[in-house]
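J.: Sharing a model that was predicted from the sequence below.
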Amino acid sequence: MQNMSEEKNIHSSNTSNLFDEIKNMQFRKDFRKEYRDLKDFYLDDEKKNKLKYKNRVSRFFYQAGYLLSSIFQKLTPLRKILVIIGLVLMFLSNSIKVDNQSYSNDNSLLGGLLIFFVLVLELKDKLLAVEELVAGRKIQKALMPEESPDIAGWDVFLFTSSANEVSGDLVDYLKITDSKTVITIADVAGKGLSAALLTTKLQATIRAFTDSSSSPSELTNKTNKIFNRDSPPSLFASMIYLEISTNSNQIKFTNAGHLPPLILNDTEIKELEKGDAALGIIANASYRNFDLQLNENEIFIAYSDGITEAISETGEFFGKEKLFGVLKGSSKLSALELGRKIINSVDQFRGQAKISDDLSMVILKKKYNADFFIRNTLRRYLGSKANNNAVDVTASIEIELLTGNQYRELQNLSEFDLKTSSWVKTPDEIRKLGGAIFCDRRYNNVFTYHNGADSYYAARGFRGMLKV
């Protein structure tokens, strides 16, 4: 599976050269980014709104005050005391007179060391937390597929990228049989470790119920009950769970509160119907099965809000309108090419702004060829064997049954029907008498047989010719 969220380089290498790092540093750009991240973390929405109405000078001082206050409030009681003592020692000095001589007692160095000690303690806490998150991310990556599945008859692109060390998005697939594969895209509400833990639980629940569920709706109903029972009341998850088969262009899926999938074709971008309740909200929620046929040059796209809610450096959202602009005219692209086009567009739009949310997508495109077209057409027309016969079916799909002579010419090109037999066109005079003809190849020879005309309803293949 395509994944841009590789492990972040948290710790500097022991062999890294400080001078090389300074040389490669873009000081102004990096400083602005670090300062922006600092404000995003320490300032809540209320303080940010107050700052909007201040003039430039007032905003600077108020912002500095808000930041210092927020940083101080997040310290432990002991560290608060150490900071206060350090500040007092730095800014207050004692002067003692002895025999008309003045002796100053400068404790600013000691005060500075106390504050530095607090900074070291804070850094230690951060590194410990980051190491645990990195370890958690490794486990998450190990539980998720390494690459997009290779499914016969389908062009598939799966992608997820986490905004932080651990992810609240899930993109997963499971091959049930040689012909049937299920794919999941889900987004757990919230961020950080709590969302990541619930994502892992959701993945395990889905995989546990997959074999015993006869339809996407049955699996989603079971998963919702477990998620509702075991998750905190304030947390929920959106999910699209879909099923595809190698010998069909049908997609069966459920949508539990996720963004509606898109269908892209040569002329339009269609947003599908909204889904049902998100997982975990209503214990006995009922989920519908959605069925759709993916025609040639149509692409199915399921995505997380990390795409449309990506934020630029100016605070603008990427939005659905820009997404549709990227998709327009892209129906001829492969799933991989379209996926990369979307990702690159979002990255360019975001620039140096902080990644605000996990980004995930599932893209499906049916591979069409002549064999699939014939098999799919026959399946539609031969749903009940009593409804059609070989002559009617070939006429309905605008091909002609081979005659006996044409069948023999075909056998000169290659060897066919070594273990099977095929209907061929029966001359009218034989059909009028109630006969039907079929052929096969045995012992390096072509043989012709006859049977009753009603045998055209039998489960035997036929050889046809398409004129172009």
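T.: It's in.

J.: Could you use CA atoms for every contact and neighbour count after this?
T.: Noted.

J.: Secondary structure of E415: a helix, I assume?
T.: No - residue assignment for E415, taken from DSSP: H, G, I helix; E, B strand; the rest coil, gives coil, which places it outside any helix.

J.: tell me which element the closest residue to it other than its chain neighbours falls in.
T.: For E415, the nearest residue in space outside its immediate sequence neighbours is R441; the separation is 7.4 Å by C-alpha to C-alpha, 6 or more residues apart in numbering. Taking DSSP states H and E as the criterion, the element that holds R441 is strand 435-442.

J.: who's in contact with that strand?
T.: Applying C-alpha atoms under 8 Å, 6 or more residues apart in numbering, the external contacts of strand 435-442 come out as 404, 407, 415-426, 430, 446-456.

J.: Please apply the same query to stretch 308-318.
T.: Outside of stretch 308-318, the residues within contact range by C-alpha under 8 Å, 6+ apart are 307, 319-320, 323, 346, 349-357.

J.: Quick one: end-to-end distance for that stretch.
T.: Using C-alpha to C-alpha, to the nearest Å, the span of stretch 308-318 from its first residue to its last is 5 Å.

J.: tell me which residues in it are buried?
T.: Of the residues in stretch 308-318, those scored as buried under the neighbour-count criterion (16 or more other C-alpha atoms under 10 Å) are T308, E309, A310, I311, S312, F317, F318.

J.: and of the contacts of stretch 308-318, the nearest to P260?
T.: K320 (11.6 Å; C-alpha to C-alpha).

J.: How about the closest one: what's its closest non-neighbour residue?
T.: Setting aside the residues directly before and after it, K320 is nearest to T308 in space (C-alpha to C-alpha, 6+ apart), at 5.6 Å.

J.: roughly how far apart are the one you found and T420?
T.: Using C-alpha to C-alpha, one obtains 54 Å as the distance from T308 to T420.

J.: Check D291 too.
T.: D291 sits 34 Å away from T420, going by C-alpha to C-alpha.

J.: N221 is in contact with R288, isn't it?
T.: No - taking C-alpha atoms under 8 Å as the definition, N221 is not a contact partner of R288, at 9.5 Å.

J.: Which one's more surrounded, these two?
T.: Neighbours were counted for N221 and for R288 using other C-alpha atoms under 10 Å; N221 has more, 20 against 17.

J.: List the residues that contact the more buried one.
T.: Contact partners of N221, counting by C-alpha under 8 Å, 6+ apart, are N284, A285, S286, Y287.

J.: For the helix or strand encompassing K322, list every residue counted as buried.
T.: K322 is part of helix 319-327, with elements assigned from DSSP H and E. If you call a residue buried by 16+ other C-alpha under 10 Å, then helix 319-327 has these buried ones: K322, F324, L327.

J.: quick one: the second one and K270 touch, right?
T.: No - with contact defined as C-alpha under 8 Å, F324 does not reach K270; the gap is 9.8 Å.

J.: Domain parsing of the chain, as residue ranges.
T.: Domain assignment for the chain by automatic domain parsing gives 18-138, 144-368, 371-465.

J.: Mean pLDDT added to the ones you listed, as JSON lines?
T.: Conversion of those to JSON lines gives the following (pLDDT from 0 to 100):
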{"stretch": "domain 18-138", "mean pLDDT": "78"}
{"stretch": "domain 144-368", "mean pLDDT": "90"}
{"stretch": "domain 371-465", "mean pLDDT": "78"}
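
J.: hey, which of those is tucked in deepest?
T.: With neighbours defined by mean count of other C-alpha atoms under 10 Å, none of the domains of the chain is more surrounded on average than domain 144-368, at a mean of 19.

J.: Ends of that domain, what's the gap?
T.: Using C-alpha to C-alpha, the end-to-end distance of domain 144-368 comes out at 29 Å.

J.: now, among the buried residues of stretch 308-318, which is nearest to F72?
T.: Top of the list for closeness to F72, among the buried residues of stretch 308-318 and by C-alpha to C-alpha, is I311 at 29.1 Å.

J.: Now name the helix or strand holding the closest residue to K52 other than its chain neighbours.
T.: Computed as C-alpha to C-alpha, 6+ apart, the closest residue to K52 that is not its neighbour in sequence is R59, at 7.9 Å. R59 belongs to helix 56-73 when assigned by DSSP H and E.

J.: Then V130?
T.: When the helices and strands are read off by DSSP H and E, the one containing V130 is helix 108-143.

J.: What is the distance between the helix holding K322 and the centre of its chain?
T.: Its chain's average C-alpha position is 17 Å from that of helix 319-327, according to C-alpha atoms, centre = their mean, to the nearest Å.

J.: name the helices or strands packed onto that helix?
T.: Counting contacts by 3 or more C-alpha pairs under 8 Å, 6 or more residues apart in numbering; DSSP states H and E, helix 319-327 packs against helix 305-308, helix 335-350.

J.: And the strands in the stretch 351-468 of the chain, which stretches?
T.: Taking DSSP state E, counting those that start in this stretch as the criterion, the stretch 351-468 of the chain contains strands spanning 359-366, 400-401, 422-423, 435-442, 445-452, 461-462, 464-465.

J.: got those strands as a markdown table, with distance to P77 columns?
T.: Rendered in a markdown table, the data for those read as follows (distance: least, C-alpha to C-alpha, whole Å):
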| stretch | distance to P77 |
| --- | --- |
| strand 359-366 | 38 |
| strand 400-401 | 88 |
| strand 422-423 | 87 |
| strand 435-442 | 90 |
| strand 445-452 | 94 |
| strand 461-462 | 82 |
| strand 464-465 | 85 |
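
J.: Relative to K175, tell me which of those strands wins on proximity.
T.: Among the strands of the stretch 351-468 of the chain, the nearest to K175 by C-alpha to C-alpha is strand 359-366 (15.5 Å).

J.: For the closest one, give me every contacting residue.
T.: Applying C-alpha under 8 Å, 6+ apart, the set of residues contacting strand 359-366 is 153-163, 169-171, 185, 249, 294-307, 334-335, 339.

J.: between that strand and helix 335-350, how many degrees?
T.: Strand 359-366 and helix 335-350 meet at an angle of 150 degrees, taking axes from the mean of the first three to the mean of the last three C-alpha atoms, to 10 degrees as the criterion.

J.: mind listing what strand 359-366 pairs with, with the direction of each?
T.: strand 154-161 (antiparallel), strand 299-303 (antiparallel) (DSSP bridges).

J.: Please put the alpha-carbon coordinates of that strand into PDB.
T.: Coordinates of each C-alpha in strand 359-366 appear next as PDB, following Å, rounded to 0.1, in the frame of the first residue of the first chain:
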ATOM      1  CA  LEU A 359      -5.200  11.500   4.600                       C
ATOM      2  CA  SER A 360      -6.500   8.300   3.100                       C
ATOM      3  CA  MET A 361      -8.100   7.000  -0.100                       C
ATOM      4  CA  VAL A 362      -9.300   3.900  -2.000                       C
ATOM      5  CA  ILE A 363      -9.400   4.100  -5.800                       C
ATOM      6  CA  LEU A 364     -10.900   1.200  -7.900                       C
ATOM      7  CA  LYS A 365     -11.000   0.900 -11.600                       C
ATOM      8  CA  LYS A 366     -12.300  -2.200 -13.500                       C
END
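
J.: helix, strand or coil for D187?
T.: Classification of D187 using three-state DSSP returns strand.

J.: Could I get the contacting residues of it?
T.: With contact taken as C-alpha under 8 Å, 6+ apart, D187 is in contact with G168, D169, L170, T199, A237, S238, M239, H258, S304.
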